[in-house]
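Enquirer: The sequence isn't on hand, but the structure is:
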Ligand SMILES: Cc1cc2nc3c(=O)[nH]c(=O)nc-3n(C[C@H](O)[C@H](O)[C@H](O)COP(=O)(O)OP(=O)(O)OC[C@H]3O[C@@H](n4cnc5c(N)ncnc54)[C@H](O)[C@@H]3O)c2cc1C
Ligand code: SF4
Ligand code: SF4
């Protein structure tokens, strides 16, 4: 591989999934965040989608899909949601994200 | 439950651990409750801590997990591929870099060594209110009574919210910080930045990195890793985000400023946390109630100086003052007696700096700071330095750089504003 | 008369999403925190339900280095009554045979028990040996993949779930069962129980001084297993295909793609 090609490979973004793979979670089988997706259809900017740093919210047409497993418990989605569609609790029993180098 | 504590502290972050440590040292029976599996496992920050206040709050700071003492500061204004950097080198010794996960664990272990009872893996759901005063805490179906409660739950203060003592967080209250910690080869940091073995660099930058939104970035050197991250103020971000925040952070990593330092590195962790933003919005109406004191981020005690955040030292300091106030209250934990805490805090450097820098937030809400001015500044320097034959005079370069961007009176007004608020 | 139950737990590195270093090809284990093996938490839950129903006690045991105390505190926080950490340098490096021997001897030393519950397997080695081996050391009846247990006074009726059928067994007591993974949702840690765990510390540590086992039968020396090579399954990058069309159509395309890949 030429050194230029190596440089370009290094300058490629890491996919979010792969970034997240560096983290450690003990995922609670019970979700700590619940979403009333019926409220998302009418939500104009859907700020959770671009602001959730771990990509837990994705759009599918007008719908929003949500998965809680990669959540790092920052709390942003609850704050930015204009529809109060999100019920947000901390995971119990020490579960959820386990930061080590932050 | 039969066990009774003098004090229950909610959250073993810097504020809570400091409160518990200073209370236990004074002979109080303290329970320190933390939702994480171990202290530090839920904590995240940018990267640098000012030492002096911590030294006052904790003995033996020399044993703390300190990575590097900051001797070099950089400030960059970025416009796409161009940037202007200001560098300052000093004798250092005032602030150090670390992982907050490690530092918090150390602080909590100090509290335990001093005699506090640490209870991990437990979420506090709400305050136990009896006869109109705080009488302990509730978790699930269990109650724990105490003479007085210290709330140190951090910025996402669900306990205070549920108790109706503060309003629900809105985008105006907070910013979001996202960071990557990147492992590099031993010796790289010394080589890259001309640093000694325990010397560090703190680097902040703003401009196009936040897509014109209020915010900015940070870069810190840890022992053998780099912390690189971005802060975005949510107030303007709700409607103003142009792409995913992860993309913005990754663009930093592979962009012109940092790729040369991190390209051989390996990401060790990807983390995010909220930060108190508008100080007027986030400060609770009061910091004491009957039987309750509020400390740290939960009390909005973060100081945004415009070029650096300070929240760890202020949190620890507030925890220490809460402990002092509890001791001085001599068993009378009414709000009027605990008011001493608020007074001491506001008279201390925490209150003074909060007051001093309270205008920085308004400054941040000026969109020109993140869009037009970085373009103006880099455009000006480009004209000054990049020419083939004839160069520009400063005034020529300036008027060309600002053409169509922002008017002269506007610049003068904005400069006055910066001068007054910084 | 209540049931005295012993649960075996293992404290394991949380390797659910541990990365492989692209340069060295080895697991990145730096700073990986440990957790109680999730499948053992199912065993704990089963034991606690039986205790809550019939009365009695639950004792957790673990053969591990001292840091496993945190794992024992976790299950005490769920409501386990007491815990025994079996910890000694001479036990280090044990395979399943040497481990099951130490656990069996620990259980013998505890003496009084009606039922032993184990997890189906561990997330770090997945052998599923321990239950069967402890049962044979102690000469106990053993049923694995248990999903339900009923106490009859002189024994148990155990329901086990296999892929294609459900079976019921009648066992005399004492007996050993291993709980089918994912069959129960482990309960949460509570403030009350965690506080008791921290304040009363019902954790004993036993070393080989207490057990008095022949050093040739435990630890590395007592382990006939030889691990010759460990290979990781290569990470196959995700294809990120989105199947368009209405639900029926999309599912049909998905199935077709899976068949073409030889997955099904
Ligand atoms: C991106 C970013 C960069 C920053 N950079 C810097 C910097 O460089 N320097 C600096 O000094 N400061 C910085 N800060 C600010 C600093 O991190 C905070 O001000 C500081 O951590 C506040 O301490 P605290 O103890 O009040 O809250 P936290 O650190 O948030 O601790 C709160 C603790 O309470 C626990 N908890 C919360 N709720 C409950 C509950 N209900 N039950 C039980 N436990 C609970 C949490 O798990 C946590 O451990 C930064 C912050 C961010 C987000
Ligand atoms: S912000 Fe709230 S309502 Fe809008 S899409 Fe997200 S979750 Fe749904
Ligand atoms: S709390 Fe943060 S990480 Fe978790 S889902 Fe919400 S925005 Fe995403």
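Expert: Looks like it arrived, so ask away. Please read all numbers here as calculations on a predicted model, not as lab measurements. Ligands and ions are numbered 1, 2, ... in the order given.
Enquirer: Could you find the closest non-adjacent residue to residue B:358?
Expert: For residue B:358, ignoring the flanking residues on the chain, the nearest one in space by C-beta to C-beta, 6 or more residues apart in numbering or on different chains is residue B:279 at 5.4 Å. C-beta here means a position set from N, CA and C on the backbone, and glycine is covered the same way.
Enquirer: Over to residue C:72?
Expert: Excluding the flanking residues, the one nearest residue C:72 by C-beta to C-beta, 6+ apart is residue C:83, at 4.0 Å.
Enquirer: pLDDT on the helix or strand containing the one you found, on average?
Expert: If you go by DSSP states H and E, residue C:83 is part of strand C:82-86. In this model, strand C:82-86 carries a mean pLDDT of 98.
Enquirer: so what strands line up beside that strand?
Expert: strand C:56-63 (parallel), strand C:203-206 (parallel) (DSSP bridges).
Enquirer: Tell me the first helix or strand C-terminal of the longest one.
Expert: Looking back up the chat, that one is strand C:56-63. Using DSSP H and E, the helix or strand that follows strand C:56-63 in sequence is helix C:69-78.
Enquirer: Need the mean per-residue confidence for that next one.
Expert: Average pLDDT, helix C:69-78: 97.
Enquirer: who does it touch, helix- and strand-wise?
Expert: Counting contacts by 3 or more C-beta pairs under 8 Å, 6 or more residues apart in numbering or on different chains; DSSP states H and E, helix C:69-78 packs against strand C:34-36, helix C:38-54, strand C:56-63, strand C:82-86, helix C:191-200, strand C:203-206.
Enquirer: Show me which positions of stretch B:136-143 end up buried.
Expert: Of the residues in stretch B:136-143, B:136, B:137, B:138, B:139, B:142 count as buried by neighbour count, 16 or more other C-beta atoms under 10 Å in any protein chain shown.
Enquirer: wait, I meant stretch B:273-291
Expert: Under the neighbour-count criterion of 16+ other C-beta under 10 Å, stretch B:273-291 has B:273-279, B:281-284, B:287-291 buried.
Enquirer: Give me the lowest-pLDDT entry from the residues you listed.
Expert: Lowest pLDDT of the buried residues of stretch B:273-291: residue B:279, 87.
Enquirer: I'd like the distance between that one and residue B:12.
Expert: Distance, residue B:279 to residue B:12, using C-beta to C-beta, to the nearest Å: 25 Å.
Enquirer: hang on, the earlier thing: I'd like to know which of the buried residues of stretch B:273-291 are part of strands.
Expert: Judged by DSSP state E, the buried residues of stretch B:273-291 include B:273, B:274, B:275, B:276, B:288, B:289 as members of strands.
Enquirer: does the last one really touch residue B:164, like I thought?
Expert: No: contact criterion C-beta atoms under 8 Å: residue B:289 and residue B:164 do not qualify, at 11.0 Å.
Enquirer: okay, now the closest residue to ligand 1 within chain A: neighbour count?
Expert: Residue of chain A nearest ligand 1, by C-beta to the nearest ligand atom: residue A:90 (6.0 Å). When counting by other C-beta atoms under 10 Å in any protein chain shown, one arrives at 19 neighbours for residue A:90.
Enquirer: now swap in residue B:167 and tell me
Expert: For residue B:167, the tally of surrounding residues (other C-beta under 10 Å) stands at 13.
Enquirer: who's in contact with it?
Expert: Residue B:167 sits next to residue B:161 when contact means C-beta atoms under 8 Å, 6 or more residues apart in numbering or on different chains.
Enquirer: three-state assignment of it?
Expert: For residue B:167, the assignment made with DSSP: H, G, I helix; E, B strand; the rest coil gives coil.
Enquirer: related to what we said a few turns ago, of the ones in strands among the buried residues of stretch B:273-291, closest to residue C:260?
Expert: Among these, residue B:273 lies closest to residue C:260 (C-beta to C-beta), at 43.9 Å.
Enquirer: May I see the helices and strands packed on helix C:69-78 organised as TSV, with distance to ligand 3 and mean neighbour count added?
Expert: Shown next, in TSV, are the helices and strands packed on helix C:69-78 (distance: least, C-beta to the nearest ligand atom, whole Å; neighbours: other C-beta atoms under 10 Å in any protein chain shown):
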stretch	distance to ligand 3	mean neighbour count
strand C:34-36	20	23
helix C:38-54	21	22
strand C:56-63	32	24
strand C:82-86	33	22
helix C:191-200	23	20
strand C:203-206	34	16
